[in-house]
Structure formats: C-alpha cells, structure tokens
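A.B. asks: when you get a sec, could you give me coordinates for this:
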Amino acid sequence: MEKYKNIICEILEQKVGLPKEETLSLIEQPDKKGYGDLAFPTFVLAKTLKKAPPIIASELVKTIETPQEFSKIESVGPYINFYINSEKLMEHTISEIKEKGDLYGSSDLGEGKTVIIDFSSPNIAKPFGIGHLRTTVIGNSLYKIHKFLGYNVVGINHIGDWGTQFGKVIVAFDKWGDSNRLKNEKEPVKYLYELYVKFHEEAEKDPSLDDEARATFKDLENGDEDKMAKWAMFKEISLNELKRIYKILGVEFDSYNGEQFYNDLIPETIETLISKGITEISEGALIVNLEKFDMPPVLLRKKDGATLYATRDVCAAIYRYEQYKFDKMLYVVGAEQSLHFKQIFKTLAIAGFEYSDKCEHVPFGLFRFQEGKMSTRKGNLIFLDDVIKNAIDLTKEIIEQKNPNLANKEDVSRQVAIGAIIFGDLTNDRIKNVIFDWEKILDFNGETAPYVQYSHARISSIIRKSEANEVSPDYSLLNTEYEEALAKKLAQFPDIVKESIDGYRPSVIARYLITVSREFNRFYHNCPINKEENESISKGRLLLSQATAQIIKNGLRLLGIDAPEEM
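C.D. replies: Numbering: from 1, shown residues only. Prediction:
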C-alpha cells in the first residue's frame, strides 16, 4: 500500500502543506467495508484551518482531482476515504511481486544502521528446554525481519556458561559423577542435568552443599586448573548439543560469546564504574545504589569478590558498543527479567554511557504445557528435542492419513513439524503466556503453520498442473470480491513487515499469513483457475495465485519456517 499512501501524502502536502512524515503516520486502513481502503483523519488540521474536522474533510474532497490509482475519494464525517482502483492495484501488485520475488516486502529502512539482537542464551550443562524456545524463535524472527529491512544485524547467543550453578554441577560431578559414563553417554548433557537435579535434592538435606558450590565457583573465577578443565569439557559437550538443535530449528548466530567471555574485562569495567562515582560499599559488597530511582541496588561484586550476572551484563553492553557501535541493542528475554534490565540500563545511564537509551528489553510471556510451569531444579524440564521428535512423529501420522503417497515424507514431516512449533509460538502476541497444545498447533484447518503451509502447497500444485498459456491477463476481468480482497491483502505485505518491528512483534506477520491463506482459499473455492474457459481470466488468476505463494513463502521465511511445495 506504500505507493497509494505516497500519493495521498502528495495530495495533502499540495493542498494543506502537511509534511509527508506526518501524513504517513496518520493514514489508516479502515476495518469496516464501505469506508474505503485508506483513510485520513482531518483532526490534525482543525487547529490551523480553524474549522471542524467534518467540514475540513468535506471541503478538501471537493478540491481533489481523483488520480487514476483511485476509483473515488469521498468524505465521511472527519475522514477522507480513498478507494483504490482495483484493476490498477491488481496489475501493479502482481507485477511487483513477480519482479521482486523473494525480495518483495524488503526495503532499505535500516540502511547504515546496526542492530544487535541478544537471544536464546541457554545454560550449558542442561538440555535445551522448551522454556528457551520463545526467546530463540522470537529473536530469530526479529533477526530475519531486521535484515530484510536493510539493517546490519548481529545475532548474539549470550550463553549462560558462568555463575554459581557451575559450581553446583562440578560439585555434583565430583561427588556422584562418572567420567567414563559421561564420555560414552548417547546424550551426555542429559546426564549432566541429572547430576544438577541430584545436587538440589541433596542440598535440601545438606545445606552445606550450597556453600561448597559457591566456593567451587570462586575457585573457577580464580582459574583453578582442574575445575576449569571440567568446566571447559561441560561447555564443549553442551555447545555441540545446542548447535545440533539450532540446525534443526534453522537458527544461526554471529557470536556465541557467553558470560565467561567477559571475565578478563570485568576488572576494568568495575574500575570504570568506581571512577565515575556511582558505586558504594554495602556490607562488604560493591553495589550501584538505585534507591532514588525506586529500584533495588545492582550488586556488582559480592563480599567474597565473586561477580554476578548483572556485572557481566554491564560489561557486555560496554564491550558490544565498543565493538559494533550499535544503533540499538535488543535483549529478547522473558518478562520476569524486566526489573533486571531496567537496573542494567539505568546503571549505564548514570555512568554516562549515552548508548544506554539504545538498549531495549524485548520481554515475552511464559511458555507452559498443560501440566504447568516448568522447573529446572526440580527435574521436570521438558526437553525441546523430545518436543521436536514428538511433533515430527505426529506429523508423519497425519501425512499417512491424508497423503500416504507423498514424496519426501521425511523432509516434509520435519518442515511441517518445526513450522508448527515455531508458528504456534509466534502467532501469539509475545507478551502473552503461551500454552502448548499439540492438537491446536498441528491442525491443518486452524490458525496454524500447517494451514498456511498447505495453502502454499496447494498453489504449487495448481501451478504444476497449469497448461502453458501465453495470453495476456486482462486485470479488469478479475473483478469479483474474492479476487479484489486477495490482491489488496497481498499489497499490504511491505507495510506488515515494517509494522512487525514496531514493538518487535513477529505475530503481526504470522496473523497476516493466516488472513492471506483464508483469502486465498475463499478465492480458490469461488474462482476457477485451470477450469476457467476465458484464457485471459485464467491467466490472471494463475498470476494472482503465484503472487500469493510468493507472499506466503516470504512471510514464512521471516518467521524462520519453510514453505513446502507438496504436503
């Protein structure tokens, strides 16, 4: 719709001198039929023109000569409603999608700007739990969307590879672990996790184990060779497993610099903060007092000299700006960490780092199964690997029922299963809690990835069955409500992509794809394509279908989902 919005901007700039940027921000797309395709509210002109908005709208419409891109322009109350010429829109949209292909919807909006996206960030020595799925798929989608809009994007996986929890794992391994078993285990990370769970079970009986774990981590920070060797072994095992999962999900990172990476930089960071006069000693610990900002203090260094998660986050922010000179840095982390990031950003601000206002927390709700919230320490973590395998098996069963002769069943099952898991998350507003429901996410008729993917596969089948037709389409003949509604929906895609980074909501694209699929299926059931006798209409409908397939493919790709050609 950008082309049509620009025409409206030109009209209003010429008639009332309203700047393009202001006009663009005010143009709306009416939800109700009969109110045009685009609308401009005249309230903003009331003060300067000293008239009531309905009068302004009525008088302006009388002075506007309708451009060929619009069929009519009329006023309704305070609004000027613009009705797009369906034939022109159909021709322009289909031609542009065909010309740009995989790049349709992209732009240079972010040209020359660098965005860092910190996402996923699981802990080593633990299997990849379903709880880390949200940050991973939301972050991955935001990475792809920003890249699509011309930004230079740096994806960072801030691995949780440091802290007292690793003192616990080492203590557990020393007390109850078996080196030979760890080396020969088919799933060694799950074995480390079992030891971690056992530590917490035993610590409930013997609290001194917690003191031992803290002391062990302090030894790690001091570079104890034996403990560092074990830590390095656990990390290597864990990274190999994580990268296997990421490959299945189609997720990549530009950096795996985790918490431990910043160890050598922390002393300098602490000295910098001390020199800026924002720290104080409280009960032997080094803190940043944020009481006047109605926040708890940031604990930078414990009484025993050990550093914390917050210390490493402040250090990482400083390092990343020096390294990348980012224009914005997004932390895709659960909503329960909101206070933590407010503290980190405020610490950077009062320390005088001007880029503090370029740091943003992108929170999201919890991920739950019907059984309730998961707990790592109690051992009822749901492994993502198991969820993926289950999804693939269930998808295979559905395919055997619906299309047993399908070629490449294994690949399609994987694409549909992974797509269902990702879409089942991204179709929700990120701030809401998500309840994982197998029946819902694998429903081929619901608001799901399989439904959208099947629409793409259906179009691919139509294209394969189409006979060569060199007749030029007559877009004036594509005038049913189904054809017009579909074309208008496709034309919205570039705006939808931009809207999705306003508030960092991949759900905008996911919901849009559901609507596109619905509009296509309405069109498909009411407008024959290969069976249409008029070749000009048939060709036009085929081109409209191809454009729809391209939009679905482009949209799914921005969500990190494949678009199978057969299902």
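A.B. asks: just the strands in the stretch 301-450 of the chain please.
C.D. replies: 328-332, 359-362, 367-368, 434-435 (DSSP state E, counting those that start in this stretch).
A.B. asks: ah, wrong one, I meant the chain
C.D. replies: 38-41, 70-76, 79-84, 114-118, 152-156, 280-282, 285-288, 298-301, 328-332, 359-362, 367-368, 434-435 (DSSP state E).
A.B. asks: domain ranges for the chain?
C.D. replies: Domain assignment for the chain by automatic domain parsing gives 2-84, 119-163+237-368, 386-559.
A.B. asks: mean pLDDT, distance to D206 and mean neighbour count added to the ones you listed, as TSV?
C.D. replies: Quick note: C-beta positions are derived from backbone N, CA and C, even for glycine. As requested, the domains of the chain are arranged in TSV below (pLDDT from 0 to 100; distance: least, C-beta to C-beta, whole Å; neighbours: other C-beta atoms under 10 Å):
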stretch	mean pLDDT	distance to D206	mean neighbour count
domain 2-84	90	62	16
domain 119-163+237-368	94	21	19
domain 386-559	91	32	19
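A.B. asks: just put these in a markdown table and tack on distance to K186.
C.D. replies: Converted to a markdown table, these look like this (distance: least, C-beta to C-beta, whole Å):
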| stretch | distance to K186 |
| --- | --- |
| domain 2-84 | 53 |
| domain 119-163+237-368 | 11 |
| domain 386-559 | 14 |
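A.B. asks: and those domains: which comes nearest R181?
C.D. replies: Closest to R181 of these is domain 119-163+237-368 (C-beta to C-beta; 12.6 Å).
A.B. asks: what's the end-to-end length of the closest one?
C.D. replies: End-to-end span of domain 119-163+237-368 (C-alpha to C-alpha, to the nearest Å): 19 Å.
A.B. asks: re the thing from before, now distance to S466 too, for the strands of the chain, in JSON lines please.
C.D. replies: Shown next, in JSON lines, are the strands of the chain (distance: least, C-beta to C-beta, whole Å):
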{"stretch": "strand 38-41", "distance to S466": "34"}
{"stretch": "strand 70-76", "distance to S466": "31"}
{"stretch": "strand 79-84", "distance to S466": "28"}
{"stretch": "strand 114-118", "distance to S466": "41"}
{"stretch": "strand 152-156", "distance to S466": "38"}
{"stretch": "strand 280-282", "distance to S466": "74"}
{"stretch": "strand 285-288", "distance to S466": "66"}
{"stretch": "strand 298-301", "distance to S466": "63"}
{"stretch": "strand 328-332", "distance to S466": "42"}
{"stretch": "strand 359-362", "distance to S466": "43"}
{"stretch": "strand 367-368", "distance to S466": "43"}
{"stretch": "strand 434-435", "distance to S466": "40"}
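A.B. asks: check contacts around the residue most central in space within the chain.
C.D. replies: Centroid check for the chain by C-alpha atoms, centre = their mean gives I138 as the closest residue, at 2.9 Å. Counting by C-beta atoms under 8 Å, 6 or more residues apart in numbering, I138 makes contact with F119, V332, V362, F364, D425, L426, R430, Y504, P506.
A.B. asks: what ranges do the helices span in the stretch 401-550 of the chain?
C.D. replies: Along the stretch 401-550 of the chain, counting by DSSP state H, counting those that start in this stretch, helices occupy 409-426, 438-441, 449-465, 481-491, 493-500, 507-526, 535-559.
A.B. asks: what's the third one in contact with?
C.D. replies: For helix 449-465, contacts defined as C-beta under 8 Å, 6+ apart pick out 395, 415-416, 419-420, 422-424, 441-445, 513-514, 516-517, 520-521, 524, 529-530, 542, 545-546, 548-549, 552-553, 556, 561-567.
A.B. asks: if we go to 7 Å?
C.D. replies: 416, 419-420, 422-423, 442-445, 513-514, 517, 520-521, 529-530, 545-546, 548-549, 552-553, 556, 561, 563-567 (C-beta atoms under 7 Å, 6 or more residues apart in numbering).
A.B. asks: neighbours of W176, how many?
C.D. replies: 12 (other C-beta atoms under 10 Å).
A.B. asks: how near is it to E204?
C.D. replies: 15 Å (C-beta to C-beta, to the nearest Å).
A.B. asks: and for P450?
C.D. replies: Going from P450 to E204 by C-beta to C-beta gives 44 Å.
A.B. asks: repeat that for L239.
C.D. replies: Counting by C-beta to C-beta, the gap from L239 to E204 is 31 Å.
A.B. asks: so what sits opposite T307 in the bridge?
C.D. replies: R301 (DSSP bridges).
A.B. asks: that one touches V298, doesn't it?
C.D. replies: No - counting by C-beta atoms under 7 Å, T307 stays clear of V298, with 11.6 Å between them.
A.B. asks: who's in contact with G446?
C.D. replies: Going by C-beta under 7 Å, 6+ apart, G446 touches K440.
A.B. asks: phi, psi for it please.
C.D. replies: When read as degrees, to the nearest 10, the backbone of G446 gives phi -100, psi -170.
A.B. asks: the stretch 201-350 of the chain: helices as residue ranges?
C.D. replies: Under DSSP H, counting those that start in this stretch, the stretch 201-350 of the chain gives helices at 208-221, 225-249, 266-275, 309-324, 338-350.
A.B. asks: list the contacts of the second one.
C.D. replies: Under the criterion C-beta under 7 Å, 6+ apart, residues 122, 124-125, 128, 136, 161, 166, 169-170, 173, 188-189, 192, 216, 219-220, 252, 384-385, 388, 418 lie in contact with helix 225-249.
A.B. asks: ok, for L209, nearest residue in space, not its chain neighbours?
C.D. replies: A203 (4.3 Å; C-beta to C-beta, 6 or more residues apart in numbering).
A.B. asks: just to revisit the earlier point, now the strands of the stretch 301-450 of the chain in TSV, with distance to N180?
C.D. replies: Shown next, in TSV, are the strands of the stretch 301-450 of the chain (distance: least, C-beta to C-beta, whole Å):
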stretch	distance to N180
strand 328-332	39
strand 359-362	44
strand 367-368	36
strand 434-435	41
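A.B. asks: which one of those strands lies nearest to N257?
C.D. replies: That would be strand 328-332 among the strands of the stretch 301-450 of the chain, by C-beta to C-beta, at 13.6 Å.
A.B. asks: so what does the closest one touch, helix or strand wise?
C.D. replies: Helices and strands touching strand 328-332, by 3 or more C-beta pairs under 7 Å, 6 or more residues apart in numbering; DSSP states H and E, are strand 114-118, helix 133-148, strand 359-362.
A.B. asks: and with 8 Å instead?
C.D. replies: On a contact count with 3 or more C-beta pairs under 8 Å, 6 or more residues apart in numbering; DSSP states H and E, strand 328-332 meets strand 114-118, helix 133-148, helix 309-324, strand 359-362.
A.B. asks: other SSEs contacting the first one?
C.D. replies: Which is strand 114-118. Strand 114-118 packs on helix 133-148, strand 152-156, helix 309-324, strand 328-332, going by 3+ C-beta pairs under 8 Å, 6+ apart.
A.B. asks: the third one: how far from the chain's middle?
C.D. replies: Right, helix 309-324. In terms of C-alpha atoms, centre = their mean, to the nearest Å, the centre of helix 309-324 is set 23 Å apart from its chain centre.
A.B. asks: distance check, N257 against Y324.
C.D. replies: 12 Å.
A.B. asks: surely A203 and R214 touch.
C.D. replies: No - with contact defined as C-beta atoms under 8 Å, A203 does not reach R214; the gap is 11.5 Å.
A.B. asks: for the closest residue to W162 other than its chain neighbours, what are its contacts?
C.D. replies: Nearest residue to W162 in three dimensions, chain neighbours excluded: E259, at 3.8 Å (C-beta to C-beta, 6+ apart). Going by C-beta under 8 Å, 6+ apart, E259 touches H158, I159, G160, D161, W162, G163, Y309, R312.
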